[in-house]
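Participant: Next come a sequence and a model predicted from it.
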Amino acid sequence: MNDIRILIADDDTILCRLTGDLLRNAGYTVHTASCLEEAEDTLKKYNFDLVMQDMCFPALQDGFGMLEELHNRYPEMPILMISGSGHIPDAVNAIKYGATDFIEKPIAKEHLLIRLARLKESILMHRGMRELQLSSIGMAGSSEPMQRVFDAIIQAAKFDTPVLISGETGVGKELAAAAIHRLSVLGTKNLVTINCASIPRELFEAELFGYEKGAFTGAVSSRKGYFEFAKDSSIFLDEIGELPMEVQAKLLRVISEQEIQKLGGNAQKISTRIISASNQDLPQMIEDNAFRSDLYYRISTINIEIPPLRKRREDIITLAEFFVTGFCNRNQIQPKSIAPSAAAWLLEQEFPGNVRELKNCVERAVVFSKNEVLGVVDFTTNQQDAYEGPASYRETVRQFERNYLESVMLAHGGNISQAALYLQMDKSNLAKKLSALGIDLPRK
């Protein structure tokens with residue numbers, strides 16, 4: 001929890017070694033880079049809490065270009081600039097381009113440790129805040145694309161500007177919208193959610209803005225619309241691409257004028273934060289004259305795109321374990337875990353329905369499994385299989401086992417020892433299983 005990872009980027013190898021040893025002895029985890037390429041590669045491999053960067057880095061006229069890029073990519077990460085010149089203008093420029101602090105060469109040990117101790121307090125405070133925010137988001141994922149999504153959610157929650165969340169069906173757009181609202185200053189109020197795809201075309205305006213008594217035949221009393229219910233709160237317009245063009249024009253007025261007009265009524269001011277989502281390509285819809293360009297630019301002040309699961313496969317196991325734990329806790333049942341073989345099977349699946357499909361797959365496995373450890377069979381046997389009779393069940397399991405073990409053996413070049421180690425099985429038991437399934441054993 002208290003471990004601080006620091007990158008020292010300086011072409012002075014002696015300084016890197018001596019400063020690195022000093023900081024390691026003080027309890028920091030330190031990496032060094034003597035050139036731009038090494039620094040970039042190291043930044044991709046690890047998550048750093050702080051960077052110490054030389055002002056005159058190799059391959060750069062000055063370090064301000066790298067400093068500015070670092071600050072843009074990691075806006076919350078402190079950057080301590082190192083300079084041998086000691087010029088005041090350098091320090092001013094360093095702060096201007098995003099540096100947190102500035103230190104001169106030769107570096108005084110005590111002076112450096114005092115500055116880092118102050119930065120450490122800030123880093124740990126920010127880390128604790130981020131962990132609290134991440135836990136409030138209610139989504140899981142350790143991949144770099146999802147970390148960027150989480151950062152965008154946290155950043156968007158600080159402001160009241162419109163947000164557009166895009167992504168395929170099942171990636172978690174609704175969760176992201178709820179997280180933005182929950183982390184905002186409006187979080188104590190209810191989030192009003194509208195599925196635009198579920199509202200009949202002729203009822204859109206009445207549902208969104210409400211109507212007064214007598215506004216049309218059958219309007220025997222006044223009724224509030226969704227926007228009025230969301231007054232002084234947030235409204236989530238899911239699948240906003242389904243809005244008819246005439247309603248899009250009225251929504252544009254709501255955003256630009258911050259007012260609504262009920263059918264048969266007068267305009268009234270509202271203060272509502274609008275969050276939208278779409279699984280459609282809205283820019284393409286604009287080209288097809290199916291979506292207003294002026295509305296698109298209004299609703300997408302902040303644009304968050306959630307990548308599909310196939311583009312962040314490293315999140316599959318993290319998500320699966322997250323869903324298992326959550327489902328067991330909600331239903332107050334014995335905690336379960338996922339076997340390595342089942343994890344390997346999950347990683348091989350495409351999940352065209354994205355996170356939603358994975359969640360359903362995991363929860364179904366938990367419901368029908370009688371074991372504390374979920375195996376491959378638990379994920380491959382659906383509810384219907386359990387009622388089709390023993391023969392169908394056995395054949396389904398046998399066929400999957402055969403296909404799976406054949407792929408494992410192929411991946412390990414037919415080496416039973418390596419395959420057994422990967423499967424966490426005894427070598428002799430694996431050989432018997434291969435023989436029983438009719439899988440040819442490797443020849444000696």
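Facilitator: Cool, got the structure.
Participant: my guess is V362 meets T325, correct?
Facilitator: No. Contact between V362 and T325 fails when scored by C-beta atoms under 8 Å: they sit 10.1 Å apart. C-betas here are computed from N, CA, C, even on glycine.
Participant: Those two: who's more crowded?
Facilitator: V362 (24 against 14; other C-beta atoms under 10 Å).
Participant: Buried residues, the biggest helix by length in the chain. List them.
Facilitator: When every helix of the chain is counted residue by residue (DSSP state H), the longest turns out to be helix 109-137. For helix 109-137, the neighbour count (16 or more other C-beta atoms under 10 Å) marks L112, R115, L116, L119, K120, I123, Q133, L134, I137 as buried.
Participant: Likewise for stretch 4-17?
Facilitator: Neighbour-count burial for stretch 4-17 [16+ other C-beta under 10 Å]: I4, I6, L7, I8, A9, D10, D11, D12, L15, C16.
Participant: tell me how far the ends of it are from each other?
Facilitator: Terminal residues of stretch 4-17 are spaced 18 Å apart (C-alpha to C-alpha, to the nearest Å).
Participant: Stretch 66-81 too?
Facilitator: Across stretch 66-81, first to last residue, C-alpha to C-alpha, it's 11 Å.
Participant: tell me how far that stretch is from the chain's mean position?
Facilitator: From the chain centre to the centre of stretch 66-81 is a distance of 21 Å (C-alpha atoms, centre = their mean, to the nearest Å).
Participant: can you redo the buried residues of helix 109-137 as a markdown table with distance to E242 and pLDDT?
Facilitator: Below are the buried residues of helix 109-137 laid out as a markdown table (distance: C-beta to C-beta, whole Å; pLDDT from 0 to 100):
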| residue | distance to E242 | pLDDT |
| --- | --- | --- |
| L112 | 58 | 92 |
| R115 | 55 | 89 |
| L116 | 53 | 92 |
| L119 | 49 | 90 |
| K120 | 50 | 91 |
| I123 | 45 | 89 |
| Q133 | 31 | 83 |
| L134 | 32 | 83 |
| I137 | 26 | 91 |
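Participant: hmm, which two among those are most spread apart?
Facilitator: Spatial extent of those (C-beta to C-beta) is set by the pair L112 and I137 at 35.8 Å.
Participant: Any stretches of the chain with poor pLDDT?
Facilitator: Within the chain, the stretches with pLDDT under 70 are 1-2, 56-65, 84-91, 97, 381-397, 411, 441-444.
Participant: mind giving me the domain split of it?
Facilitator: Domain ranges of the chain: 5-130, 144-305, 313-436, per automatic domain parsing.
Participant: how far does the second one stretch from start to finish?
Facilitator: The distance separating the two terminal residues of domain 144-305, taken as C-alpha to C-alpha, comes to 13 Å.
Participant: The shortest one too?
Facilitator: Using C-alpha to C-alpha, the span of domain 313-436 from its first residue to its last is 33 Å.
Participant: so the residue positioned nearest the centre of the chain, which of the three states?
Facilitator: Central residue of the chain (C-alpha atoms, centre = their mean): M146, 2.6 Å from the mean position. Following DSSP: H, G, I helix; E, B strand; the rest coil, the label given to M146 is helix.
Participant: That one contacts I316, correct?
Facilitator: No. With contact defined as C-beta under 8 Å, M146 does not reach I316; the gap is 11.7 Å.
Participant: For the longest helix of the chain, which helices and strands make contact with it?
Facilitator: helix 13-25, strand 50-54, strand 79-83, strand 101-104, helix 144-156, helix 173-183 (3 or more C-beta pairs under 8 Å, 6 or more residues apart in numbering; DSSP states H and E).
Participant: Go again with 7 Å.
Facilitator: strand 101-104, helix 144-156, helix 173-183 (3 or more C-beta pairs under 7 Å, 6 or more residues apart in numbering; DSSP states H and E).
Participant: ranking the ones you listed by burial, who's on top?
Facilitator: helix 173-183 (a mean of 22; mean count of other C-beta atoms under 10 Å).
Participant: What lies in contact with that helix?
Facilitator: Contacts of helix 173-183 from elsewhere in the structure, counted by C-beta atoms under 7 Å, 6 or more residues apart in numbering, are 133, 136-139, 153-154, 156-157, 163, 165, 167, 187, 191, 234, 236, 238, 275, 277, 304, 306.
Participant: who does the next helix or strand after that helix pair up with?
Facilitator: Sequence order places strand 191-195 as the next helix or strand after helix 173-183, per DSSP states H and E. Sheet pairing for strand 191-195, assigned by DSSP bridges, gives strand 234-238 (parallel).
Participant: Counting by contacts, list what the following helix or strand past the strand it pairs with packs against.
Facilitator: Per DSSP H and E, the first helix or strand lying C-terminal to strand 234-238 is helix 245-257. Applying 3+ C-beta pairs under 7 Å, 6+ apart, we find helix 245-257 packed against helix 204-209, helix 293-299.
Participant: So what's the gap between the longest one and the chain middle?
Facilitator: The reference is to helix 293-299. With C-alpha atoms, centre = their mean, you get 25 Å for helix 293-299.
Participant: which parts of it are buried?
Facilitator: Quick answer for helix 293-299 (16+ other C-beta under 10 Å): L295, Y296, R298, I299.
Participant: Kindly report the same for stretch 239-257.
Facilitator: Buried residues in stretch 239-257 (16+ other C-beta under 10 Å): E239, I240, G241, E242, L243, V247, Q248, K250, L251, L252, V254.
Participant: Going by distance to F351, which of the residues you listed wins?
Facilitator: Looking across those and measuring by C-beta to C-beta, the closest to F351 is E239, at 20.9 Å.
Participant: From L15, how far out is the nearest residue to the closest one once chain neighbours are set aside?
Facilitator: Of all residues not flanking E239 in the chain, A197 sits nearest, at 4.3 Å (C-beta to C-beta, 6 or more residues apart in numbering). Counting by C-beta to C-beta, to the nearest Å, the gap from A197 to L15 is 60 Å.
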